[in-house]
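> sharing a model that was predicted from the sequence below.
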Amino acid sequence: MSNTEPRPAETVCAGRPEPGIEVIEARRVPLGGPRAMEVSRTLPTRDRSMIGAWCFADHYGPEDVAVSGGMRVLPHPHTGLQTVSWLFEGFIEHRDSAGVRAEVRPGQLNLMSAGRGISHSEVSTPETAILHGVQLWLALPERNRHGENGFEFYAPNPVGLTDGRGAPAGSAKVFLGTLAGSASPVPTATPVLGAELSLLPGAAVTLSVDPRFEHGALLDAGALTLAGVPLERAQLGYAGPGRAELDLRNPGAVPARLILLGGTPFDEDIVMWWNFMGRSHDEIAAYRAQWEGRDHRFGTVDGWGDADRIPAPPLPRARLRPRRR
């Protein structure tokens, strides 16, 4: 997915572990197009820029495609990151400059590695009536960010969750990392967790988690409390490192669904601007110039004409600054 904001802000990315649970409010961002499908963005925000290596989180739908026009994101570039697509409903066609063409389906992970540079498009398919899902980014560390492009596909089987008495409480689909006895085979550059969880009405679960990780729970549907703190739909609850367990409860009368993210705090200074991940102003400016100049770094996406691409917005007047610790 592209960040289509016409004036994207400089993002100085840092996970700052704090005690307790933080509740991060989403901001509404249009994806562009004549009817401008909107998404709820919880990463990055003023409150928090990262959770582990997770540096971007858009949540959208359920969106009536007949009303919104659906998703039509023209070819756009990425560097130094991985995109993670996860759908609840609908279908999206992915095409990229590495020659990959794939249909993103509900309950199936699609992970694209940009490495040193790639471009791709995302368009909801004609048969899609309702579009509903999340789009996530992972920052690549220095040792991986100049690597080759890549694409991973994985459809995890759901595993059951139980409450403290051993009664059924819901299920989990673990698409990255390990949780509840389920492990994804998809390799990642840093230790991370990504999973879709469903909780039955009134159910409570205590999940064993890696205490090195910070975690985020993004509520998609229903009601949820994270360590006793209530979350509303599209809010992201953050829990810092040091917890060996996460307590989740659905106090509502209908099933709850959430995306659970986690990872070890990212320890590198990074600058994220528009769709680029870099380490300095000059590096980001070079990426922008290369995209505008149609440099071979980003290639071309089959099925689109020369004019079918998202132009890069202007750089801010001030120099982009990496985070100082």
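Done, it's in. Residues are numbered from 1 along each chain as shown.

> quick one, strands of the stretch 201-325 of the chain?
With DSSP state E, counting those that start in this stretch as the criterion, the stretch 201-325 of the chain has strands at 204-208, 214-221, 224-226, 229-231, 236-239, 245-249, 256-263, 271-273, 276-278.

> dump those strands to a markdown table, plus mean neighbour count.
Where C-beta positions appear, they are placed from N, C-alpha and C, glycine not excepted. A markdown table is the format used below for the strands of the stretch 201-325 of the chain (neighbours: other CB atoms under 10 Å):
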| stretch | mean neighbour count |
| --- | --- |
| strand 204-208 | 16 |
| strand 214-221 | 23 |
| strand 224-226 | 23 |
| strand 229-231 | 18 |
| strand 236-239 | 26 |
| strand 245-249 | 18 |
| strand 256-263 | 25 |
| strand 271-273 | 23 |
| strand 276-278 | 24 |
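
> can you map out the strands along the stretch 1-150 of the chain?
Remark: strands assigned in the stretch 1-150 of the chain by DSSP E, counting those that start in this stretch are 11-12, 21-24, 27-30, 38-43, 54-64, 72-78, 81-89, 92-96, 101-104, 109-113, 118-124, 130-139, 150-154.

> state the mean pLDDT of the longest one.
So the one you mean is strand 54-64. Strand 54-64 comes out with an average pLDDT of 96.

> check the offset of that strand from the chain's centre.
8 Å (CA atoms, centre = their mean, to the nearest Å).

> and the angle for it with strand 214-221?
Strand 54-64 and strand 214-221 are oriented at 0 degrees to each other (axes from the mean of the first three to the mean of the last three CA atoms, to 10 degrees).

> and for the fourth one?
Our comparison of strand 38-43 with strand 214-221, counting by the same axes, to 10 degrees, yields an angle of 160 degrees.

> which parts of strand 38-43 are buried?
Residues 39-43 are the ones in strand 38-43 that count as buried (16 or more other CB atoms under 10 Å).

> go on, the third one?
Residues of strand 27-30 classed as buried by neighbour count (16+ other CB under 10 Å): Val29.

> partners of it in the sheet?
Strand 27-30 has the following sheet partners, assigned by DSSP bridges: strand 38-43 (antiparallel).

> list the contacts of the strand it pairs with.
If you take CB atoms under 8 Å, 6 or more residues apart in numbering as the criterion, strand 38-43 is touched by 24-31, 49-51, 54-60, 135, 216, 218, 234-236.

> filter those down to the buried ones.
Buried by 16+ other CB under 10 Å: 24, 26, 29, 31, 49-51, 54-60, 135, 216, 218, 234-236, out of the contacts of strand 38-43.

> hmm, His146 and Ser113 touching each other?
No. If you go by CB atoms under 8 Å, Ser113 and His146 don't touch, sitting 11.5 Å apart.

> so these two - more neighbours on which side?
Using other CB atoms under 10 Å as the criterion, Ser113 and His146 rank with Ser113 on top: 22 against 12.

> and that one, bridged to which residues?
Ser113 has these beta-bridge partners by DSSP bridges: Gln82, Gly150.

> check contacts around it.
For Ser113, the contact set (CB under 8 Å, 6+ apart) comprises 82, 140, 147-152.

> repeat for Thr79
Going by CB under 8 Å, 6+ apart, Thr79 touches 114-118, 145, 275-278, 287.

> hmm, try it at 6 Å
For Thr79, the contact set (CB atoms under 6 Å, 6 or more residues apart in numbering) comprises 114, 117, 276-277, 287.

> which one of the residues you listed is nearest Ala227?
Nearest to Ala227 among the contacts of Thr79, counting by CB to CB, is Met277 at 30.8 Å.

> what residues are up against that closest one?
Residues near Met277 by CB under 6 Å, 6+ apart: 79-81, 139.

> closest one of those residues to Phe88?
Using CB to CB, Leu81 is the member of the contacts of Met277 that lies nearest Phe88, at 22.9 Å.

> chain neighbours aside, what residue packs nearest to that closest one?
Of all residues not flanking Leu81 in the chain, Met277 sits nearest, at 4.4 Å (CB to CB, 6 or more residues apart in numbering).

> quick check: the one you found vs Phe56, distance?
Using CB to CB, to the nearest Å, one gets 9 Å for the distance from Met277 to Phe56.
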